[in-house]
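Chemist: Provided below are the primary sequence and the corresponding predicted coordinates.
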Amino acid sequence: MNSTSQEKYLKLALTAFGVIFLFIYPLGLIWPAGWTWHGGEGAYYLQMICGIYFVLGVFLIAAAKDPSQNRSLIAFTIWSSLTHALIMAVQAVTDGHEVGHLIGDIPALLLVAAVLWFLSPRKEAETVTV
């Protein structure tokens with residue numbers, strides 16, 4: 001894949017994931033077993049996590065305008081998604097009430113991390129002038 005098409009797909013992925021992050025709360029209402037923890041109880045937790053993802057979604061959409069200038073945000077999204085998914089996976093496996101997350105938000109976060117990692121801009125080689 002050449003760098004022009006890679007950047008085009010990265011812009012599309014950043015925008016798409018950003019929009020999806022804006023709608024985490026409705027996803028939790030539509031399919032609580034895959035997106036909401038504690039059987040839908042703990043509305044404060046849901047509101048808090050949705051607020052964080054809403055803000056991240058806004059910033060991902062903004063980053064789509066110039067991904068190479070937003071490498072740290074993209075890296076944060078990759079690493080925080082991996083960390084979040086791994087912690088949730090352990091919790092889902094050890095708590096039988098949370099198994100639905102293994103086919104809900106856990107694979108979704110792993111997909112976000114994988115796609116952004118694959119498409120993320122590499123640091124350009126520095127040129128040496130003599």
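Modeler: All right, it came through fine.
Chemist: For the rest of this, base every contact and every neighbour count on C-alpha atoms.
Modeler: Fine.
Chemist: Buried residues in stretch 11-22, which are they?
Modeler: Residues of stretch 11-22 classed as buried: 11, 13-19, 21-22 (neighbour count, 16 or more other CA atoms under 10 Å).
Chemist: Going by secondary structure, the residue nearest to Ala16 when sequence neighbours are not counted is in what exactly?
Modeler: Excluding its sequence neighbours, the residue lying closest to Ala16 (CA to CA, 6 or more residues apart in numbering) is Ile61, at 7.9 Å. Taking DSSP states H and E as the definition, Ile61 sits inside helix 43-63.
Chemist: how far away is Ala64 from Tyr25?
Modeler: 23 Å (CA to CA, to the nearest Å).
Chemist: Give me the more crowded residue out of these two.
Modeler: Remark: of Ala64 and Tyr25, Ala64 carries more neighbours, 23 against 20, as counted by other CA atoms under 10 Å.
Chemist: tell me the phi and psi of that one?
Modeler: With angles defined as degrees, to the nearest 10, Ala64 sits at phi -60, psi -20.
Chemist: quick one on the thing from earlier: give the contact list for the residue nearest to Ala16.
Modeler: By CA atoms under 8 Å, 6 or more residues apart in numbering, the contact list for Ile61 reads 14-16, 18-19.
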